[in-house]
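S.K.: I would like the atomic coordinates for the input below:
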Amino acid sequence: MAVLALDISSSAGWAARDVPKEGVPADGILNTGVVALEKPAKAYGEHPWGYVNAAKEMARRLMDVVYNVRPEAVVIEETNGSKNRFSQKYLEYIHAYFLSDLNAAVVEACQPWLANLKVVYVNTSEWRRVTDCHLSKEDKNRNAKLSRHKRKHRDRGTKLDKKALGIAGKTTIKHVAIRRANELYGLSLRPKDDDIADAILLLHAHINGAKPCTGSEDR
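M.R.: Numbering: from 1, shown residues only. Take a look at the predicted model:
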């Protein structure tokens, strides 16, 4: 059975693999990619139509991925609140148009594999729990050390030499996601591949029993 995971945003990462009913195959082929528009949402028309038109185009491109993968299940990361109301609006539009297009395809069932397509949402906190995607003690200690030295140099009016300190920069949850995806699948993802890393971990969590979101406030 093919499973497709989507980390939907203005730059949507996706990951897919074939998984037998009984578990994860050691030699399962992992396919990944990113869906993104060439222009910002505002470039697709005057407000409010720019967000609407851009979201429709994103939904269309996400459907192209669905048709290429032909999954039996689509796993989507549940939306989280944003401080930017327009980014939040755009994100929710993409989800709505994609689900509408997906539902229309399932209802029409023009291809046999669409008849029983399952759609599941998973909370971010849940897939991170299942994949152990958390800052380690070492990460936290390194971040604390960096913060102390930043404050010290700021008070002195001097420049911090991160290289001499032996720390490239602050470790964030995005860095951890990339690290975990690389560890789990023997990959070499880089910081710019954070959307793909999230999709891979979402996929891995679903395969390994992540609890679906029920639509209530169970974060």
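
S.K.: tell me which helix or strand of the protein sits lowest on mean pLDDT?
M.R.: helix 162-165 (a mean of 69; mean pLDDT, DSSP states H and E).

S.K.: in the chain, which spans are helices?
M.R.: 49-69, 85-108, 124-130, 137-156, 162-165, 173-185, 194-207 (DSSP state H).

S.K.: Count residues in the vicinity of the residue nearest to residue 31 when sequence neighbours are not counted, would you?
M.R.: The shortest distance from residue 31 to any non-neighbouring residue, by Cβ to Cβ, 6 or more residues apart in numbering, is to residue 16 (4.8 Å). All C-beta spots, glycine's among them, are computed from the backbone N, C-alpha and C. For residue 16, the neighbour count with other Cβ atoms under 10 Å is 26.

S.K.: Pull up the gap between residue 16 and residue 150, please.
M.R.: 41 Å (Cβ to Cβ, to the nearest Å).

S.K.: what do you get for residue 192?
M.R.: 25 Å.

S.K.: For the two, indicate the residue with more neighbours.
M.R.: residue 150 (14 against 9).

S.K.: residues touching the residue nearest to that one when sequence neighbours are not counted, list them.
M.R.: Leaving aside its sequence neighbours, residue 150 sits nearest to residue 160 (Cβ to Cβ, 6+ apart; 5.8 Å). Applying Cβ atoms under 8 Å, 6 or more residues apart in numbering, we find residue 160 in contact with 149, 150, 153.
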